[in-house]
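Enquirer: Sequence first, predicted coordinates after that:
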There are 2 protein chains.
Amino acid sequence: MTGIRQLASRLDISIGTVSRALNDRPGVNAETRARVLQMADEIGYFANASGRSLRRGSTGAIGVVIETGSPSALGGDNFFFALLDAMQEVLTEQDYDLVLLPTRHAADPLDSFRRMIRRGMVDAIVLTATRRNDPRIELLLGSKVPFLTLGRSETPGDYSWIDLDFERVARTSVDRLVALGHRRIAVVTPTGDANLAFLYADAAVRALAEHGIDGPPDLILRAEPSEGGGVMVARDLLTRPERPTAIMCCSEPMTTGLYSEFLQAGLRIGRDMSVIGFRDNPHCRYLSPAPTCFALALDELGQHVANAIASIAAKDRTAAPRIRTIWPMEFRETASIGPPRSPDRS
Amino acid sequence: MTGIRQLASRLDISIGTVSRALNDRPGVNAETRARVLQMADEIGYFANASGRSLRRGSTGAIGVVIETGSPSALGGDNFFFALLDAMQEVLTEQDYDLVLLPTRHAADPLDSFRRMIRRGMVDAIVLTATRRNDPRIELLLGSKVPFLTLGRSETPGDYSWIDLDFERVARTSVDRLVALGHRRIAVVTPTGDANLAFLYADAAVRALAEHGIDGPPDLILRAEPSEGGGVMVARDLLTRPERPTAIMCCSEPMTTGLYSEFLQAGLRIGRDMSVIGFRDNPHCRYLSPAPTCFALALDELGQHVANAIASIAAKDRTAAPRIRTIWPMEFRETASIGPPRSPDRS
DNA sequence: ATCTATTTCGGAAACGTTTACGGCAGGGCT
DNA sequence: AGCCCTGCCGTAAACGTTTCCGAAATAGAT
């Protein structure tokens, strides 16, 4: 056992001085501090996390809540791992530890969640994959744990969030497809309560309406955000007497499924069927033709999130600003879209 | 603040009794226990994690170490999220918390890693993505933290591991391709130190040798385990005067890249080029034709891992058995392989 | 009625750390 | 020389919980 007492007794010094030396507190001789640091390094001493956080009242850890066991709308690719990588770069600089807190989608998420925040394992929480009405946010608002959500929600309250610009993505997609001559455009969003689905669909419908396209909503579709969901949607559309000439969707696995089924049916993507996906992710990039989609500065987003949650977690909670960021995405057009093949009759 | 003292004073009872009641310790009246539990529920009391683990000497948390910022050979977060889901099902039953500890691939992994285990944030560690020679394992062996690695390693020592059956996967792939008539078979593994790359390649080479195929090793290839890596490999092979008639690879993103480039070059997969991938993952399933690959009972694997790490983390470390599991995978043949098109001359 | 065993509970110590407080030098000032 | 101030350090009290130990009370047995 290498506690602070062993370290102190080895140096013939009091534990108070040792602690001060290690924590860069004033009131300790420079030479003594050097001796302490060297000995600590030598015997491999690290302050015990429980003791420290018990005394300090904070753990120095930031928890990112992720949900396992359900297909994630934002693509089952390395989205989270890449984001975490950038976050950790910033957070370790600020002496925060980063831990992921997986919660099971199938089980009641609330009770495991409640435990997490009540026990005080982390100083602050980043909540991901927000739902349209998210009881987890209510729980957090009712607790003392500062938090930040990655994604907006309809759940009211005074909290900070960071989200992608789904509205502009949807609007840009519609504008471009209409400019190419499309009139029958299918919009497909993930099932479930993920708020992004509503933001995307609503914005798309508004944009379509502005172009005078507000036909029956049978082209606003929902499916499971997985490859299988994309296949189902494609099959559905292929059986329709007047099938759409373009389709836009905000889930990458779904885009993959759409491709698979359309190609199977002999359609040429970009000519017989225009496809706009969502995020520019590596998996999609090697579909052919690569889907038109929207690029995202993932590193910078991660850094922004990290800085935001660090400032929120800071003890000095007086001047903690409310953060509300809508992160831009850049349009990347490819050969996956083109003018409609046969003139549309609608 | 809702500490155990508030709870006790509300009930006019000592904190000792409250603690005994909450922890199902003997020596407390059934009626008193019921009152305590009800009041705890009422005011939303949860024992503070720092205080508890300080006194108990264990945190009740199991850490899964993952590496961010590098393409993962086993394909993205789908694999891990699914595994984690199954693990948590088992671990919550045993009153363990599950936390993910992301470490940055780019940064020096050792020091952040050292902090993690020395601070005693977790009772036990699951180490993923083991490398052939893995300094992290040495660090863990030198510490008091019980651990389990997901993946074998050449690093010697007396530790438990669970791994997939890469040898049988490689052997089965070779056997089947040879049975179909292939003689020029490319074997491609990820670059980097991931141990699975060596296991797979070595087993493939042995199997080829047993079939009398031990030509020059210019068909044993390595590439980054990403779509881009697959593309590079495919381009390389396409320029060769005598290109192979089959290719087997143990990384799903790489398989996607191979498909993309081969299709681009006008090859028909399963006829002009036979392809065997590795894991049966959703992303690959919607390539066409779906790659021949190997299925894996991910749920059961997760449960097995959870049970293993729980038994390893148990306080009673006397009878902790050493666990060494090689997890089977089931061959799934599809139209992505077939007899070689033009008779091979070698 | 006394003694013992059992049940139930309160008091207090302990876990490892940080930090407020006070003390002891030594130096600079009047 | 006396005084105050500063720099350094040791002591001890917290943080919230679990658990050991002993006390009180009740029941049972002789």
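Expert: Sure thing, it's come through.

Enquirer: drop to CA atoms for contacts and neighbour counts, all remaining ones
Expert: Noted.

Enquirer: Centre of the chain to stretch A:4-12, how far?
Expert: Chain-centre distance of stretch A:4-12: 45 Å, with C-alpha atoms, centre = their mean, to the nearest Å.

Enquirer: does that stretch come close to chain B?
Expert: No - if you take C-alpha under 8 Å from any C-alpha of the partner chain as the test, stretch A:4-12 misses chain B, and the best it gets is 12.3 Å.

Enquirer: in that stretch, what counts as buried?
Expert: By 16 or more other C-alpha atoms under 10 Å in any protein chain shown, the buried positions in stretch A:4-12 come out as A:I4, A:L7, A:A8.

Enquirer: so the last one is in which element?
Expert: Here A:A8 is covered by helix A:4-11, with elements defined by DSSP states H and E.

Enquirer: Could you pull up the mean pLDDT of that helix?
Expert: Helix A:4-11 shows a mean pLDDT of 94.

Enquirer: who touches that helix?
Expert: For helix A:4-11, contacts defined as C-alpha atoms under 8 Å, 6 or more residues apart in numbering or on different chains pick out A:S14, A:I15, A:V18, A:S19, A:V36, A:M39, A:A40, A:Y45, A:A47.

Enquirer: Tell me how many other residues surround the fourth one.
Expert: By the measure other C-alpha atoms under 10 Å in any protein chain shown, the count of residues near A:S19 is 16.

Enquirer: Skipping its backbone neighbours, what lies nearest it in space?
Expert: A:I4 (7.7 Å; C-alpha to C-alpha, 6 or more residues apart in numbering or on different chains).

Enquirer: same question, the second one
Expert: Using C-alpha to C-alpha, 6+ apart and skipping residues adjacent in sequence, the residue nearest A:I15 is A:A8, 5.3 Å away.

Enquirer: if I look at that neighbour, how far off is A:D236?
Expert: A:A8 is 73 Å from A:D236, where distance means C-alpha to C-alpha, to the nearest Å.

Enquirer: Spit out the contact partners of A:D165.
Expert: Here A:D165 is in contact with A:I326, A:W327, A:P328, A:M329 (C-alpha under 8 Å, 6+ apart).

Enquirer: That should have said A:R33, apologies.
Expert: By C-alpha under 8 Å, 6+ apart, the neighbours of A:R33 are A:V18, A:A21, A:L22.

Enquirer: how close does the last one get to DNA strand D?
Expert: Just to be clear, that refers to A:L22. The gap separating A:L22 from DNA strand D is 12 Å, by C-alpha to the nearest atom of the strand, to the nearest Å.

Enquirer: near chain B, which residues of the stretch 151-300 of chain A?
Expert: A:E227, A:P253, A:T256, A:G257, A:S260, A:Q264, A:P282, A:H283, A:Y286, A:L287, A:S288.

Enquirer: which one among these gets closest to A:F113?
Expert: A:P253 (27.8 Å; C-alpha to C-alpha).

Enquirer: Residues in contact with the strand or helix carrying A:V205: which ones?
Expert: Taking DSSP H and E as the definition, A:V205 sits inside helix A:195-210. Identification of contacts with helix A:195-210 by C-alpha under 8 Å, 6+ apart yields A:130-133, A:151-154, A:166-171, A:174-175, A:187-191, A:214, A:220, A:250.

Enquirer: Mind checking which of these are buried?
Expert: Among the contacts of helix A:195-210, those buried by neighbour count (16+ other C-alpha under 10 Å) are A:130-133, A:151-153, A:166-171, A:174-175, A:187-190, A:220, A:250.

Enquirer: Tell me which entries of those lie within strands.
Expert: Using DSSP state E, the subset of the buried ones among the contacts of helix A:195-210 located in strands is A:V187, A:V188, A:T189, A:P190, A:I220.

Enquirer: Return the per-residue confidence for the third one.
Expert: Meaning A:T189. A:T189 is given a pLDDT of 95.

Enquirer: contacting residues around it?
Expert: A:T189 neighbours (C-alpha under 8 Å, 6+ apart): A:A197, A:F198, A:Y200, A:A201, A:I220, A:L221, A:R222, A:A223, A:P225, A:C249, A:C250, A:S251.

Enquirer: and it, what are its bridge partners?
Expert: A:T189 forms beta bridges with A:R222, as assigned by DSSP bridges.

Enquirer: Now do the strands in the stretch 201-346 of chain A.
Expert: Counting by DSSP state E, counting those that start in this stretch, the stretch 201-346 of chain A has strands at residues A:220-223, A:246-249, A:274-279, A:292-295, A:324-327, A:330-332.

Enquirer: need these in TSV with mean pLDDT and distance to DNA strand C, can you?
Expert: Shown next, in TSV, are those (pLDDT from 0 to 100; distance: least, C-alpha to the nearest atom of the strand, whole Å):
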stretch	mean pLDDT	distance to DNA strand C
strand A:220-223	95	51
strand A:246-249	97	50
strand A:274-279	96	43
strand A:292-295	96	43
strand A:324-327	98	31
strand A:330-332	97	45
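
Enquirer: Present these as a markdown table; the columns should include distance to A:L139.
Expert: Converted to a markdown table, the strands of the stretch 201-346 of chain A look like this (distance: least, C-alpha to C-alpha, whole Å):
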| stretch | distance to A:L139 |
| --- | --- |
| strand A:220-223 | 29 |
| strand A:246-249 | 32 |
| strand A:274-279 | 31 |
| strand A:292-295 | 34 |
| strand A:324-327 | 20 |
| strand A:330-332 | 35 |
